[in-house]
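Asker: got a structure for you, letters missing:
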């Protein structure tokens, strides 16, 4: 039985209602208006990520981003947070490999104030020395916690080996020894050189009109310039491993082992990305974590979580299988996963499996757009990967065009056990 | 685009709350049961959570292998949560597919199989979930603090249960628990989204009107007297980070003191959001304890929390210490800040600020249909829907003397548990 369709008219965000504006100084603004709640969500990025870090000062971009809200020429750390917390708003910056991300939310009435604050943090951070030291010691504590986190250590080691020689091999926040060498002058120099309007993208969704947003951004950031802002360096190609690598990271005193295994995957913009994505859904997500969940968790009861993920980024990607398992079950889980990868790369998925995943992707689209924050993120990714403002409108037909043969071909291209990295972290497998 | 909620009670005791929201073509459907760890007896801790897991293991009509696929095929999401006072199941689906959720929840209210082989497989899955939790120092500390905070009340147990009980619980226990608590008179259905309320009532009535139900005798859970002397617990384990957690006995959600204590928490540790979906709210860097502990470089982070519960549970303050400081140093600062709240009236403006924060967080939560449906049922589990409707208003009406009174009544040192997680080899003596 179908619910009556006349209740509402719902259109997906598209060229009709996503307004894209580029300011003369290079800032791109995307807006989508939704008057049903008095709130606004915004997200964005600028090209000042860890790809610019010198190796011996890895973590510099992340440290700089973390320092933006620690004091500006106009406001102290406490004033910055007092202003936003007093109105229940939030603003935050965090660095990844290519970009520094920005995100926040507020009531629509407070957006001008929040954009002004955002601009101050981007343009005039002063990195007070005592705040720099505080951030450093917080980073050191987080490294100590990370060293005890089985899932994080497995994932960190996986990336180090899979992407060896490429910036993706390195954690964006650095290591204890690299963050220890970063000086306040490094932060101010990094900020002066790499922060600028070119490449800054802001996506705003909520109870404001496009014109209001553009006016407010022009007011806050329209006069910003940085003629010396460098372009991203040319990155080396990622190299496929010539032999598989297996490693166990011993973390004593833990009860469970975290396992990550997998290989390189497509870039987000590769033509085979969508086929890989649907294939990944069948392999380790659909229903209760796809085929892998069914075999490892449902049929064998060997793990609470067992799934796969496809992480397509700008320069490369990974295709990973992961699980949290009791140490005595580790070998068995690896065997089961490898057997399923073998099956997945030998035979095409059934048309029923594919139809299920296609229907899941298409039906799930409105759910990802349920909130302003969701819309803002989706629109930002459309811009990040240049997918086109009609991406959401064309989404269903694009997903429906994928065939089992394309998925098999894609799986064979990437999921070759001869190039796999297999990492476990936790107690010794014999400790179970 | 959004209507007022409507309410209906079926003759078999099933309560239904509906709210039309026509901003997106989706519907979120929740079934709440008045059962959780509060209703568990000695030897059977974790049974409510395990029963929740078994609800995903199939009925004759929806075999286990088909359930997840049926939901996933629609592009929808579903999940379940077990907590102290309640267990809840939800589906958020494209509006045109909502019959699937209505059918499957109605079906598994009475027809879950509890297949013995599935019971055993799930035992391993839950033990693995527990082991995963125990990898986390904060879980181990929280578990120990909670146990020390109550001598008898079932709130002393972690929702997931103890390893010993999880190894001993049998299929017959699980099935009896299921039969006892999963019935219309012990349930609430809450639906929000893109539908017509009249039609939705009809659909639910058609499905549930003939489901038999009997009053649920959950037994009496005796309240526990307050602690009369401070208790401390120490947990040691791997790592190099020290954590400190304080737990005071808090008022029940239905106690008017809950609101001043919520304001107090907001001032002391920063505002907490009631949103389960759609994000939290703001940061806590201008809260009193952040300034006193993190700004002064004694701790890396601090947070507080009061849970809305049927019986008095806990108001907790948790901190992650900087390695060069001891729990005693941090505790002294917390004590000072609590004394300040007990001795001095807080400015009116701070209360107004906390109320605006709550208003903003409500706006964020109301963007999200799943979250709105969650709200519809949530407050019914420990108070009533009005509790939720009046929440912001009740916070705004708190006065400085109210905050002082709850600080004096609830934050007494002799009524608290002080828990510490000490990395193995750590000496408590300051260097």
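Answerer: Perfect, I can see it now. What you see is a predicted model; the values in this text were computed from it and never measured. Numbering: from 1, shown residues only, chains lettered A, B, ... in the order given.
Asker: after the helix or strand hosting residue A:204, next one along is what?
Answerer: Take DSSP states H and E as the rule and residue A:204 turns out to sit in strand A:201-206. Using DSSP H and E, the helix or strand that follows strand A:201-206 in sequence is helix A:210-221.
Asker: what is the mean pLDDT for that next one?
Answerer: Regarding helix A:210-221, the rounded mean pLDDT is 97.
Asker: ditto for stretch B:157-168
Answerer: Rounded mean pLDDT across stretch B:157-168 is 96.
Asker: List the buried residues for it?
Answerer: B:157-163, B:165-166 (16 or more other Cβ atoms under 10 Å in any protein chain shown). C-betas here are computed from N, CA, C, even on glycine.
Asker: which SS class is residue 16?
Answerer: Let's take chain A. coil (DSSP: H, G, I helix; E, B strand; the rest coil).
Asker: that's the wrong chain, I wanted chain B
Answerer: Quick answer, by three-state DSSP: residue B:16 is strand.
Asker: Strands of the stretch 251-400 of chain A, start to end?
Answerer: Counting by DSSP state E, counting those that start in this stretch, the segments of the stretch 251-400 of chain A that form strands are A:257-265, A:303-312, A:317-325.
Asker: any idea which of those strands scores lowest on pLDDT?
Answerer: strand A:303-312 - the lowest mean pLDDT of these, at a mean of 92.
Asker: If you count contacts, what does that strand end up packed against?
Answerer: strand A:257-265, helix A:273-284, helix A:286-292, strand A:317-325, helix A:330-346, helix B:116-134 (3 or more Cβ pairs under 8 Å, 6 or more residues apart in numbering or on different chains; DSSP states H and E).
Asker: Not counting the shortest one itself, show me its contacts.
Answerer: Contacts of helix A:286-292 from elsewhere in the structure, counted by Cβ atoms under 8 Å, 6 or more residues apart in numbering or on different chains, are A:281-284, A:293-294, A:297-298, A:305-308, A:321, A:323, A:337, A:340, A:343-344, A:353, A:356-357, A:360, B:56, B:67-69, B:71-72.
Asker: quick check: mean pLDDT across the helix or strand that residue B:357 is a member of?
Answerer: If you go by DSSP H and E, residue B:357 is part of helix B:348-365. Mean pLDDT, helix B:348-365: 87.
Asker: Spit out the contact partners of residue 111.
Answerer: Reading this off chain A. A:40, A:204, A:208, A:212-213, A:216.
Asker: Chain B was what I was after
Answerer: B:59-61.
Asker: I'd like the distance between it and residue B:58.
Answerer: 9 Å (Cβ to Cβ, to the nearest Å).
Asker: contacting residues for residue B:415?
Answerer: Residue B:415 touches B:226-228, B:230, B:248-249, counting by Cβ under 8 Å, 6+ apart.
Asker: which parts of the stretch 1-150 of chain A sit against chain B?
Answerer: A:1-5, A:7-8, A:10, A:34, A:36-39, A:41, A:77-78, A:81-82, A:84-90, A:92, A:105-107, A:134, A:137-138, A:140-142, A:144-145, A:147-148, A:150 (Cβ under 8 Å from any Cβ of the partner chain).
Asker: what bits of the stretch 251-400 of chain A have low per-residue confidence?
Answerer: Along the stretch 251-400 of chain A, the model assigns pLDDT under 70 to no residue.
Asker: Most proximal residue of it with respect to chain B?
Answerer: residue A:363 (2.3 Å; Cβ to the nearest Cβ).
Asker: Then the stretch 51-200 of chain A?
Answerer: residue A:88 (2.7 Å).
Asker: residue contacts, that residue?
Answerer: By Cβ under 8 Å, 6+ apart, the neighbours of residue A:88 are A:106-107, B:271, B:281-282, B:356-361.
Asker: OK, now which residue of the stretch 251-400 of chain B is nearest to chain A?
Answerer: residue B:360 (2.7 Å).
Asker: Neighbours of that residue, how many?
Answerer: 26 (other Cβ atoms under 10 Å in any protein chain shown).
Asker: Do I have it right that it meets residue B:275?
Answerer: No - using Cβ atoms under 8 Å, residue B:360 is not in contact with residue B:275; the gap is 10.9 Å.
Asker: nearest to residue B:398, of the contacts of residue B:415?
Answerer: residue B:248 (18.1 Å; Cβ to Cβ).
Asker: For that closest one, the count of nearby residues, please.
Answerer: 22.
Asker: Which secondary structure element is home to it?
Answerer: Using DSSP H and E, residue B:248 falls in strand B:243-249.
Asker: can you check residue B:234 too?
Answerer: Using DSSP H and E, residue B:234 falls in strand B:231-237.
Asker: so what secondary structure elements neighbour that strand?
Answerer: Using 3+ Cβ pairs under 8 Å, 6+ apart, strand B:231-237 is in contact with helix B:137-149, strand B:416-423.
Asker: State the phi and psi torsions of residue A:254.
Answerer: Phi and psi for residue A:254, reported as degrees, to the nearest 10, are phi -100, psi 160.
Asker: check contacts around it.
Answerer: A:148, A:150, A:426-427, B:135, B:238.
Asker: do that again at 7 Å, thanks
Answerer: Taking Cβ atoms under 7 Å, 6 or more residues apart in numbering or on different chains, we find residue A:254 in contact with A:150, A:426-427, B:135, B:238.
Asker: returning to that earlier point: quick one: closest of the helices and strands packed on strand B:231-237 to chain A.
Answerer: Among those, helix B:137-149 sits nearest to chain A (Cβ to the nearest Cβ), with 7.6 Å.
Asker: Which strands or helices does the helix or strand just after that closest one pack on?
Answerer: Under the assignment DSSP H and E, the closest C-terminal helix or strand after helix B:137-149 is helix B:163-168. Here helix B:163-168 touches helix B:116-134, going by 3 or more Cβ pairs under 7 Å, 6 or more residues apart in numbering or on different chains; DSSP states H and E.
Asker: how far off strand A:317-325 does the helix it packs on point, in degrees?
Answerer: 100 degrees (axes from the mean of the first three to the mean of the last three Cα atoms, to 10 degrees).
Asker: Is there proximity between helix B:116-134 and chain A?
Answerer: Yes - legend: contact between helix B:116-134 and chain A by Cβ under 7 Å from any Cβ of the partner chain is shown at B:121, B:124-125, B:128-129, B:131-132, B:134.
Asker: List the buried residues of that helix.
Answerer: For helix B:116-134, by 16+ other Cβ under 10 Å, it's B:118-119, B:121-134.
Asker: Over to stretch A:179-197?
Answerer: So, applying 16+ other Cβ under 10 Å, buried residues of stretch A:179-197: A:179, A:182, A:184, A:186-188, A:190-191, A:194-197.
Asker: Low-confidence bits of chain B, can you list those?
Answerer: For chain B (pLDDT under 70), the answer is B:1-2, B:277-281, B:425-431.
Asker: closest point of it to chain A, which residue?
Answerer: residue B:75 (2.3 Å).
Asker: Quick one: residues contacting that residue.
Answerer: Counted by Cβ under 7 Å, 6+ apart, residue B:75 has contacts A:359-365, A:367, B:94.
Asker: which pair in these spans the largest distance?
Answerer: Longest span within these, Cβ to Cβ: A:359 and A:367, 13.3 Å.
Asker: Show me what residue A:104 bridges to in the sheet.
Answerer: Per DSSP bridges, the residues bridged to residue A:104 are residue A:42, residue A:91.
Asker: With mean neighbour count added, can I get the strands of the stretch 251-400 of chain A in TSV?
Answerer: Output for those, formatted as TSV (neighbours: other Cβ atoms under 10 Å in any protein chain shown):
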stretch	mean neighbour count
strand A:257-265	26
strand A:303-312	22
strand A:317-325	25
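Asker: Nearest to residue A:117 among those strands would be which one?
Answerer: strand A:303-312 (32.0 Å).
Asker: List the pairing partners of the closest one within its sheet, with orientation.
Answerer: Counting by DSSP bridges, strand A:303-312 is paired with strand A:317-325 (antiparallel).
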